[in-house]
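A.B. asks: could you work out the structure for the sequence below:
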Amino acid sequence: MSAAVPMAAAGATPGAHGAAPYRRRVAQGPLARTVLIGLAGIVAVLFLLLPVIVIFVEALSLGVGAYVEAVIEPSTLHAVWLTLLTALVVVPVNVVFGIAAAWCITRFEFKGKKLLITLIEIPFSVSPIVAGISYLFFYGSQGLLGPVLAAYDIRIMFSVPAIMLASMFVTSPFVARELIATMQVQGNEYEEAALSLGASGFKTFLKVTLPNMKWGLLYGALLCNARVMGEFGAVSVVSGSIRGQTNTLPLQIELLFNDYSAVGAFAAASLLTLLAVFSLLAKAWLERRR
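C.D. replies: As a prediction, the model looks like this:
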């Protein structure tokens, strides 16, 4: 009798043989599902799919010949090359940093551990433009290290190294955060077992730790690569936007748009979109493998 009171108060009726009654979850009905799926589809089409379609439609608006001519324009090709070069330099550096930071945080206890985690998170909480300005005030001719660098005839701002430094700062947390989560879930039992069997620390890392973290490492590197190629704010401050010299692909798109070269801007945007689509496909493949 006492067990029936709570069920009656909850508005439920016991099923046959005392089985628990079936309760429909929130938004589980066919009408609710249809409405939610429809809303999600409309939002995806209006704000995601249509803009991508418009990019390619506008890029090909004057024909394939005009599109190819805009793509092979020397400053656009240089922007593509500089974007890829920046990714080739920045991503491996962030991979090494991410592995070292994740290993340190997940395998050791030390004073300042929370501070280190906070420092890794800083690029996510600071605007990229603020990061670019901070580099300008630090390495610029009037900055903190400006006179020292000028004395040795070293130029960092408004050059390719500045683009790489700014991109490195903005993208530094991606690999580290992914590996920290992966290694915390895995634990350190396998490493301890390998060490107890006589394996050296370096061999344990190569044979045990690295294979276990490989999918998280690839996933973080992919996210880092996508952000490097699409970074605009910090790079626009430190690069100087010199046509054919320090323009990455996002900066080249803005420059062509300001020059009223719509086809050129959309052609460059289509290249960046294709790189993004490739990154998304690789990301989906990695997620399925994980």
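A.B. asks: what about the stretch 101-250 of the chain, any weak spots by pLDDT?
C.D. replies: For the stretch 101-250 of the chain, no stretch is flagged by pLDDT under 70.
A.B. asks: so who does S241 touch?
C.D. replies: By C-beta atoms under 8 Å, 6 or more residues apart in numbering, the contact set of S241 is N247, L251, E254, L255. All C-beta atoms are positioned from the backbone trio N, CA, C, and that covers glycine.
A.B. asks: and the two most separated of these?
C.D. replies: Taking C-beta to C-beta as the measure, these span a maximum distance of 8.9 Å, between N247 and E254.
A.B. asks: higher neighbour count, these two?
C.D. replies: Legend: neighbour count by other C-beta atoms under 10 Å for N247 and E254, higher for N247 (27 against 15).
A.B. asks: look up how far L255 lies from that one.
C.D. replies: 6 Å (C-beta to C-beta, to the nearest Å).
A.B. asks: shared neighbours of these two, anything?
C.D. replies: Residues touching both N247 and L255 (C-beta under 8 Å, 6+ apart): S75, S241.
A.B. asks: next one: R25, what pLDDT does it get?
C.D. replies: Here the pLDDT value assigned to R25 is 62.
A.B. asks: the one 10 residues further on too?
C.D. replies: In the predicted model, V35 carries a pLDDT score of 89.
A.B. asks: what helix or strand does V95 sit in?
C.D. replies: Counting by DSSP states H and E, the element that carries V95 is helix 74-107.
A.B. asks: how about the helix or strand just after that helix as CSV, C-alpha atoms only?
C.D. replies: Downstream of helix 74-107, the next assigned helix or strand under DSSP H and E is helix 113-125. The C-alpha trace of helix 113-125 is given here as CSV (Å, rounded to 0.1, in the frame of the first residue of the first chain):
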residue,chain,number,x,y,z
LYS,A,113,49.8,22.6,-11.9
LYS,A,114,46.5,24.6,-11.9
LEU,A,115,48.4,27.7,-13.0
LEU,A,116,49.8,25.8,-15.9
ILE,A,117,46.4,24.6,-16.9
THR,A,118,45.1,28.2,-16.7
LEU,A,119,48.0,29.4,-18.9
ILE,A,120,47.1,26.8,-21.5
GLU,A,121,43.5,28.1,-21.6
ILE,A,122,44.5,31.8,-22.0
PRO,A,123,44.4,31.8,-25.8
PHE,A,124,40.7,30.7,-25.6
SER,A,125,39.8,33.6,-23.4
